[in-house]
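Q: fold the following.
(one chain, ligands or ions: 1)
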Amino acid sequence: MRALIDRLAETHTLSDEELLSLITTEDVDADRYLSQKAAGLRQQVYGNQVFIRGLIEFTNYCKNNCHYCGIRRGNPNCQRYRLSLEDILACCRIGYDLGFRTFVLQGGEDPYFTRQRITELVKAIKTAYPDCALTLSVGEKDRDTYQEWFDAGADRYLLRHETANPELYRALHPSELSLENRMGCLKDLKEIGYQVGCGFMVGSPGQTPEMILEDLRFIQRFQPQMVGIGPFIPHQDTMYKNEVPGSAALTLRLLAILRLMLPQVLLPATTALGTVMGDGRQQGMRYGCNVVMPNLSPADVRKKYALYDNKISAGEEAAESVAMLKRSMAAIGYEVVTDRGDWKGADA
Ligand code: SAM
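A: Now for the predicted structure:
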């Protein structure tokens, strides 16, 4: 396994069989070695810096009905909320003072937030905080809409592809959503000039190692600037309530593989990873991550943005506890920085 991992670190690719053997290995030494190699490569590209993003979950209304998601349209038990422009700007102010230089606006696909309202939001934030990067994560839109938001000042866009396998995509989503459209959106976003993030859930119901391989191959072809992966976690009000959550160990292994495949990628240790593993953020750094996204939403709505059960939002997950996060990262040799934290790629 060590020779395989060395080759992945040097050439950033392997054959399908080799990647599959790495994905499914039961060799604990392989994980240790993957982590060493991935942390070493992130050190070469990003040093020991950890980029922080202030995550503002600004609406949990959603017109979609993804089978796995707690804020899906069909969940009558979800207590809905949406933040006003003033609320969102207040979050940014608090975040700016705490040292955040990237804000991530994430939400369900809420029809209230029209193309025009988001444009106004983007302009207001970029006018008030011109030295900050703004990331949007509001789902599938047409190309003109993405272009308008980019022209208004949005820098980055997160849109997980969820799975590159058409059958699994079909099983996880209602028929009105299509993998083709999602992939088309990602292509549009990249062509427009956003720093783009795709990604998938690890251990979603029905996912096989071969499907994970398809995800890795898609990511390799697409060459995104960011990749968001985290374990699937069941939500009590979904058809998957009795499913087993995705494995933290496999998530860490895949994070390391992704770092070795895409050395410059911005790779967050996600909230879902922190939810299934108490020290998930720290472990993520050890496996090649370089980004953490603390929650900057108003405290009273954090529990309502419940994509899955037991989602963490306190302690180091809370933006106001960034001092605690800094200390725990410093303890393992990493430095949380006040920086936009842009992608350090070839044409960056
Ligand atoms: N509406 C936007 C979109 O579709 O990209 C952004 C919000 S969506 C809720 C953000 C991400 O949450 C999804 O891409 C999905 O991967 C993740 N997610 C939803 N339900 C989840 C679950 N049960 N376990 C883990 N992750 C989940």
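
Q: quick check: residues of the protein near the ligand?
A: With CB under 6 Å from any ligand atom as the criterion, the chain comes near the ligand at residues 68-69, 106, 108-109, 137-139, 159-160, 162, 201, 230, 232-233, 235, 272, 307-308. Just so you know, the C-beta spots here come from the backbone N, C-alpha and C atoms, and that holds for glycine as well.

Q: again, only this time at 5 Å
A: Counting by CB under 5 Å from any ligand atom, the chain comes close to the ligand at Y68, C69, S137, G139, R160, M201, F232, I233, A272, L307, Y308.

Q: filter those down to the ones in helices?
A: Judged by DSSP state H, helices contain the following of those: A272.

Q: spatially, which two of the residues of the chain next to the ligand are the most separated?
A: Between any two of these, the greatest separation by CB to CB is 19.9 Å, found for G139 and I233.

Q: quick one: which of the two has more around it?
A: The neighbour count for G139 versus I233, taken as other CB atoms under 10 Å, is higher for I233 (25 against 18).

Q: can you pull the contacts of that one?
A: Contact partners of I233, counting by CB atoms under 8 Å, 6 or more residues apart in numbering, are P245, G246, A272, T275, V276, L307, Y308, D309, N310, K311.

Q: look up how far C69 lies from it.
A: 11 Å (CB to CB, to the nearest Å).

Q: anything in contact with each of the two?
A: L307.

Q: where does the protein have low pLDDT?
A: 347-348 (pLDDT under 70).

Q: give the residue farthest from the middle of it.
A: Distance from the C-alpha centroid of the chain peaks at A3, with 30.1 Å (CA atoms, centre = their mean).

Q: which SS class is that residue?
A: What DSSP: H, G, I helix; E, B strand; the rest coil gives for A3 is helix.

Q: what about it, distance to L20?
A: Relative to L20, and taking CB to CB, A3 is found at 16 Å.

Q: for G228, what are phi and psi?
A: phi -110, psi 110 (degrees, to the nearest 10).

Q: now for the host helix or strand of E191, which elements pack on it?
A: Using DSSP states H and E, E191 falls within helix 179-192. Contact partners of helix 179-192 among helices and strands, from 3 or more CB pairs under 8 Å, 6 or more residues apart in numbering; DSSP states H and E: helix 143-152, helix 166-172, strand 195-202.

Q: okay, the angle between that helix and strand 195-202?
A: Inter-element angle recorded for helix 179-192 and strand 195-202: 150 degrees (by axes from the mean of the first three to the mean of the last three CA atoms, to 10 degrees).

Q: contacts for helix 179-192?
A: Counting by CB under 8 Å, 6+ apart, residues outside helix 179-192 touching it are 140-141, 143, 146-147, 150, 157, 159, 161-164, 166, 169-170, 196, 198, 222, 224.

Q: try stretch 338-348
A: 45-46, 49, 51-53, 99-102, 131-133, 195, 225-226, 264-266, 291.

Q: buried sites along that stretch?
A: The neighbour-count check on stretch 338-348 (16 or more other CB atoms under 10 Å) flags R340, G341, D342, W343 as buried.

Q: tell me where the stretch 151-300 of the chain has strands.
A: For the stretch 151-300 of the chain, the strands defined by DSSP state E, counting those that start in this stretch occupy 156-158, 195-202, 226-231, 291-292.

Q: now do the last one: everything it contacts.
A: Strand 291-292 is touched from outside by 50-53, 226, 266-269, 281, 284, 325, 329, 336, 341, with contacts defined as CB under 8 Å, 6+ apart.

Q: let's go with 10 Å and repeat that
A: Outside strand 291-292, the residues within contact range by CB atoms under 10 Å, 6 or more residues apart in numbering are 46, 49-53, 55, 102, 197, 226, 228, 265-271, 274, 280-282, 284-285, 316-317, 322, 325, 329, 334, 336, 341.

Q: the first one too?
A: By CB under 10 Å, 6+ apart, the list of residues contacting strand 156-158 from outside reads 53, 102, 104-106, 133-139, 141, 146, 149-150, 185-186, 188-190, 192, 194-199, 224-228, 266, 268, 293, 340-343.

Q: restricted to helices, list the contacts of stretch 338-348.
A: Those of the contacts of stretch 338-348 lying in helices (DSSP H): V45, Y46.

Q: put the buried members of the contacts of stretch 338-348 into a PyMOL selection.
A: Per 16+ other CB under 10 Å, the buried members of the contacts of stretch 338-348 correspond to this PyMOL selection:
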select buried, resi 46+49+51+52+53+99+100+101+102+132+133+195+225+226+264+265+266+291
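
Q: neighbours around the residue nearest to Y96 when sequence neighbours are not counted, how many?
A: Spatial nearest neighbour of Y96, excluding adjacent residues (CB to CB, 6 or more residues apart in numbering): Y129 at 6.0 Å. Using other CB under 10 Å, Y129 is surrounded by 19 other residues.

Q: so what's Y129 up against?
A: Here Y129 is in contact with L89, C92, R93, G95, Y96, F100, R101, T102, F103 (CB under 10 Å, 6+ apart).

Q: and the last one, bridged to which residues?
A: It refers to F103. G54, L134 (DSSP bridges).

Q: I'd say it and A124 touch.
A: No - using CB atoms under 10 Å, F103 is not in contact with A124, being 11.4 Å away.
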